[in-house]
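Trainee: Structure, please.
(one chain, ligands or ions: 3)
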Amino acid sequence: MDITASHPLALPVGVTLDRYIMHRQTAFPYATGELSQLLRDIALAGKIIHREVNRAGLIDLTGGMGVQNVQGESQQKLDMIANIRFKRALTNGGEACAIISEEEEDIIYTGNNHGKYVVAMDPLDGSSNIDVNVSIGTIFSIYRRVTPIGSEPTLADFLQGGRRQVAAGYILYGSSTIMVYTTGHSVNGFTYDASLGEYILSHPDIHSPCTGQIYSCNDGNVDGYEDGVKEYLTDCRKKQYTARYIGSLVADFHRNLLKGGIYLYPPTKKSPDGKLRLLYEAFPLAFLAEKAGCLATSGNQAILDIKPSSLHQRTPLYIGAPVMVESLVDMLT
Ligand SMILES: O=P(O)(O)OC[C@H]1O[C@](O)(COP(=O)(O)O)[C@@H](O)[C@@H]1O
Ligand SMILES: [Mg+2]
Ligand SMILES: [Mg+2]
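Mentor: Ligands and ions are numbered 1, 2, ... in the order given. Presented below is the predicted three-dimensional model:
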């Protein structure tokens with residue numbers, strides 16, 4: 001049942017996230033509240049990261065840890081803090097039986113074997129922007145487990161495929177902090193009011209424009225892009241579209257979701273399979289994007305149709321307004 005803004009069950013702007021989650025749950029007679037609680041646990045961890053991000057410069061939370069993560073990237077202090085905080089919130093919450101994180105190689109077992117859900121997460125997205133006060137985020141993806149409840153979760157719980165997500169979203173720590181998510185129906189945004197300690201519904205039922213004039217990609221990599229991508233970017237320039245690239249996927253995605261635009265991270269010389277990770281970057285944003293009327297593709301197929309084979313696999317990502325993504329795909333094929 002789709003709750004659009006005009007639906008009698010729709011809630012007014014200004015309602016708290018908690019109340020919204022409760023209300024939505026009543027729309028599903030078989031719902032038992034575990035997913036609702038899991039979303040609250042994620043929101044709670046987001047409040048803590050909001051606080052850490054805001055005072056990072058004051059409490060020496062900037063800079064690297066001097067270690068590399070499974071991706072071979074130097075881990076920032078806030079990457080680590082965010083990873084610890086989300087693991088703790090999900091473990092204490094009791095609804096997630098296992099987690100995968102960008103910051104850790106293997107499955108993280110929470111010990112909640114009676115939990116029905118598993119979570120894939122990018123605790124801190126946009127790490128290169130942490131120290132320079134530019135918007136960063138958290139990305140999450142939730143699946144109902146396929147292994148028996150009570151048993152130890154396995155790889156199979158995480159490799160179900162993007163269309164099996166039961167919820168996905170992100171928290172953007174920008175000029176304001178906003179949590180945007182979907183449980184497979186409408187896409188809604190809740191702005192965090194720290195003075196109240198509450199997320200407030202500020203962006204109900206987000207529908208993205210079907211086209212736009214904003215394109216986002218790392219221009220420094222253009223030489224390594226395939227011809228179709230180069231042709232598309234030339235066309236954007238010819239049409240005098242606006243180039244906007246923050247370098248934080250969540251922030252670039254959020255802007256384009258609201259204003260209409262396309263984000264491109266094609267294969268490059270350095271990352272021939274693309275840079276972005278399928279399970280905790282591409283799948284969750286593609287799930288959100290499609291619910292908001294956008295498209296997400298690897299160039300060959302819809303992101304959500306990619307059959308995952310490993311926890312940290314990468315994919316090229318082209319995501320945004322359908323008219324723009326379709327014209328890019330035409331040039332790629
Ligand atoms: O610096 P590049 O190569 O343009 O890559 C930027 C992209 O990489 C990312 O930072 C990867 O995510 P993480 O910061 O979570 O590792 C994206 O947020 C961003 O869009
Ligand atoms: Mg990321
Ligand atoms: Mg990250």
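
Trainee: switch to C-alpha atoms for all contacts and neighbour counts from now on
Mentor: OK.

Trainee: hang on, Val250 in a strand?
Mentor: No: note on Val250: no strand contains this position according to DSSP: H, G, I helix; E, B strand; the rest coil, which reports helix.

Trainee: in terms of contact, does it touch Gly137 like I think?
Mentor: Yes: using C-alpha atoms under 8 Å, Val250 is in contact with Gly137, at 5.8 Å.

Trainee: which neighbours do the two share?
Mentor: Residues touching both Val250 and Gly137 (C-alpha atoms under 8 Å, 6 or more residues apart in numbering) are 125-126, 170, 172.

Trainee: Could you identify which of these has the most neighbours?
Mentor: Greatest neighbour count in the shared contacts of Val250 and Gly137, by other C-alpha atoms under 10 Å, goes to Tyr170: 30 neighbours.

Trainee: my read: that one touches Val187, true?
Mentor: No: Tyr170 is beyond contact range of Val187, at 11.2 Å (criterion: C-alpha under 8 Å).

Trainee: for ligand 1, what are the nearby residues on the stretch 51-200 of the chain?
Mentor: Selection of the stretch 51-200 of the chain residues close to ligand 1 by C-alpha under 6 Å from any ligand atom yields 122, 124-127.

Trainee: what are the bridge partners for the nearest residue to Gly320 once chain neighbours are set aside, then?
Mentor: Distances taken as C-alpha to C-alpha, 6 or more residues apart in numbering place Ile262 nearest to Gly320, at 4.3 Å, with adjacent residues excluded. The partner list for Ile262 in beta bridges (DSSP bridges) reads Tyr215, Gly320.

Trainee: any idea how far Ile178 is from Ile262?
Mentor: According to C-alpha to C-alpha, to the nearest Å, Ile262 and Ile178 sit 21 Å apart.

Trainee: So which residues of the stretch 201-333 of the chain form helices?
Mentor: Using DSSP state H, counting those that start in this stretch, the helices of the stretch 201-333 of the chain run over residues 227-238, 249-259, 283-291, 322-332.

Trainee: Would you point to the one among those that's packed deepest?
Mentor: helix 283-291 (a mean of 26; mean count of other C-alpha atoms under 10 Å).

Trainee: And the chain, what are its domain boundaries?
Mentor: Split into domains by the TED database, the chain comes to 15-206, 214-332.

Trainee: tell me, which of the ones you listed is the model least confident about?
Mentor: Lowest mean pLDDT within the domains of the chain: domain 15-206, a mean of 93.

Trainee: What distance separates the opening and closing residues of that one?
Mentor: 16 Å.

Trainee: Go through the shared contacts of Val250 and Gly137 and name the one nearest Ser216.
Mentor: Sorting these by how near they are to Ser216, with C-alpha to C-alpha, puts Gly126 at the top with 14.2 Å.

Trainee: who's the spatially most central residue of the chain bridged to?
Mentor: Closest to where the C-alpha atoms of the chain average out (C-alpha atoms, centre = their mean) is Ile139, at 3.3 Å. Beta bridges link Ile139 to Asp122, Tyr170 when assigned by DSSP bridges.

Trainee: Run a quick check on it versus Ala286, I expect a contact.
Mentor: No: between Ile139 and Ala286 there is no contact under C-alpha under 8 Å: 11.6 Å.

Trainee: Which positions in this structure make contact with ligand 3?
Mentor: The chain has residues 122, 124-125 near ligand 3, with proximity defined as C-alpha under 5 Å from the ion.

Trainee: If we use 6 Å, what do you get?
Mentor: 122-125, 127 (C-alpha under 6 Å from the ion).

Trainee: May I have stretch 63-71 as CSV, with CA atoms only?
Mentor: The C-alpha trace of stretch 63-71 is given here as CSV (Å, rounded to 0.1, in the frame of the first residue of the first chain):
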residue,chain,number,x,y,z
GLY,A,63,43.1,12.8,10.3
GLY,A,64,44.1,9.2,9.6
MET,A,65,44.6,6.2,11.9
GLY,A,66,47.7,5.2,10.1
VAL,A,67,46.1,1.9,9.1
GLN,A,68,44.4,0.7,5.8
ASN,A,69,41.0,-0.9,5.5
VAL,A,70,40.1,-3.9,3.4
GLN,A,71,39.8,-1.6,0.4
